[in-house]
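> fold the following and give me the result.
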Amino acid sequence: MGTCESCHAPERCEYCCSPAEIHDPAMKTLTLMRHAKSSWKNPGLPDHMRPLNKRGRRDAPMMGRRLAEQGPPVELIVSSPAVRALETAEAMAQEMEYPWDEIATDDDLYEADGAEILMVIERQDDWIDHLMLIGHNPGLTELVNTLARLGVENVPTSGVVRLSYDVGHWGQISEVEPARVTFDYPKRRSG
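Sure thing, here's the model as predicted:
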């Protein structure tokens, strides 16, 4: 299978083959999300098996709708393999009209610190312009503060940080300041 000469996407690239204004190979959007609120009802359940609780099942779709309204569309969702993260990813995908069977999992996102999450980001294919990662604290908050310098004490459950970069390669995002940063979470009031 060949690759797109412009962005090195697999031959099925729909971006470079579309009008130029749709695909900007020199812009990357990274959406970092902490999984939705999980259940502690069963204390004997291993940590990675904990599902979402009622609030988590409510908040994840709400955040998915907010992201879908803001655009641009997510091209790849990568989730921690923990049940609560995967359930969050599936709820987000449904609201964003992202195929749930195309959600990728990466074992390196579970119990990862900020540097380990950054390594997952940096190894993504450069044809992906909008990447979404769903993971855990404290690593997620650590990475947000490293990349965006927001001074956030805690990215809350279902919290979403979107960073846009004027770069063409995922490996460059730690070398530059983001061009734009947005931070949203369920209890944040709009307007």
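> how much space separates L147 from L133?
The gap separating L147 from L133 is 12 Å, by CB to CB, to the nearest Å. Placement of C-beta: from N, CA and C, glycine included.
> which residues do these two both contact?
L30 (CB atoms under 8 Å, 6 or more residues apart in numbering).
> how about low-confidence regions in the chain?
Scanning the chain for pLDDT under 70 picks out 1-25, 189-191.
> which residue ranges of it form strands?
Ranges of strands in the chain, per DSSP state E, are 28-34, 76-79, 104-105, 130-135, 160-165, 180-184.
> could I have the fifth one exported to PDB, CA atoms only?
C-alpha atoms of strand 160-165 as PDB (Å, rounded to 0.1, in the frame of the first residue of the first chain):
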ATOM      1  CA  VAL A 160     -10.800  18.000  28.500                       C
ATOM      2  CA  VAL A 161      -7.800  20.100  27.500                       C
ATOM      3  CA  ARG A 162      -7.400  20.900  23.800                       C
ATOM      4  CA  LEU A 163      -4.100  22.200  22.500                       C
ATOM      5  CA  SER A 164      -3.400  23.400  18.900                       C
ATOM      6  CA  TYR A 165       0.100  23.500  17.600                       C
END
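> what pairs with it, and is each one parallel or antiparallel?
In the sheet, strand 160-165 lines up against strand 28-34 (antiparallel), strand 180-184 (antiparallel) (DSSP bridges).
> can you redo the ones you listed as JSON lines with mean neighbour count?
What follows is those, written out as JSON lines (neighbours: other CB atoms under 10 Å):
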{"stretch": "strand 28-34", "mean neighbour count": "24"}
{"stretch": "strand 180-184", "mean neighbour count": "14"}
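> now render those strands as JSON lines, adding distance to Q94.
What follows is the strands paired with strand 160-165, written out as JSON lines (distance: least, CB to CB, whole Å):
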{"stretch": "strand 28-34", "distance to Q94": "14"}
{"stretch": "strand 180-184", "distance to Q94": "18"}
